[in-house]
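Participant: Here is my input; please provide its structure:
(one chain, ligands or ions: 2)
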Amino acid sequence: MKKVEHIGIAVKNFSEANALYYKLLGVEPYKTEYVESEGVNTSFFRAGDTKIELLEATNPDSAIAKFIEKRGEGIHHIAFEVEDIVAEMERLKQDGFVLLNEQPKKGADNRLVCFVHPKSANGVLVELTQEIK
Ligand SMILES: CC[C@@H](C(=O)O)C(=O)SCCNC(=O)CCNC(=O)[C@H](O)C(C)(C)COP(=O)(O)OP(=O)(O)OC[C@H]1O[C@@H](n2cnc3c(N)ncnc32)[C@H](O)[C@@H]1OP(=O)(O)O
Ligand SMILES: [Co+2]
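Facilitator: Ligands and ions are numbered 1, 2, ... in the order given. I've put the predicted structure just below:
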């Protein structure tokens, strides 16, 4: 794991949250992206060497909609940068972590991602993320 690549934050109102994080961080989001497979709108802010990813649900079945319904807005996941996502997935599986996808899948911002179940990571949803080169 090279670094915390981003922190995902579940928000109810995308435009209000983007305005708030603009005020908080003093920078505009460098990118917004709709990810159909996850049912989310995302925006990305640079914060030093890492990023903040705001996530708004676009349908009631999305993981973000369910999370907000159960727990309210807030930190949803921590994403760790990896160089070889397949190797890291295999390593974590061998170590008893529960992976939420068998194969890496396409995430936002030109990346492959894989999620680790929060029940196998001290209540934290962990995302592994590798840049697509
Ligand atoms: C935009 C793409 C990508 C990127 O490029 O960065 C993203 O970040 S996408 C982000 C959204 N996508 C995902 O989160 C996909 C992975 N998540 C899942 O598969 C599911 O959300 C889940 C984690 C398996 C939970 O789904 P489910 O079991 O259907 O929901 P429950 O509400 O029943 O939850 C079970 C259990 O887990 C707790 N939970 C749920 N989400 C989280 C969370 N984010 N952090 C910590 N804990 C979480 C939930 O509270 C339940 O606990 P109990 O009530 O104690 O049983
Ligand atoms: Co993410």
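Participant: Next, count neighbours for whatever residue of the chain ends up closest to ligand 2.
Facilitator: Closest to ligand 2 within the chain is Gly8: 4.1 Å, counting by CB to the ion. C-beta: built from backbone N, CA, C; applies to glycine. Close neighbours of Gly8, defined as other CB atoms under 10 Å, add up to 21.
Participant: host element of it?
Facilitator: Using DSSP states H and E, Gly8 sits within strand 3-11.
Participant: And the very next helix or strand once past that strand, what's buried?
Facilitator: Following strand 3-11 in sequence order, the next helix or strand is helix 14-25 (DSSP H and E). Neighbour-count burial for helix 14-25, with 16 or more other CB atoms under 10 Å as criterion, is recorded at 14, 17-18, 21.
Participant: hang on, the earlier thing: quick one: the strand holding Gly8 to helix 14-25, angle?
Facilitator: If you take axes from the mean of the first three to the mean of the last three CA atoms, to 10 degrees, strand 3-11 sits at 130 degrees to helix 14-25.
Participant: Quick check: buried residues in stretch 36-48?
Facilitator: Neighbour counts over stretch 36-48 (16+ other CB under 10 Å) mark 38-45 as buried.
Participant: typo on my end, stretch 44-63
Facilitator: So for stretch 44-63, counting by 16+ other CB under 10 Å, buried means 44-45, 50-58, 62-63.
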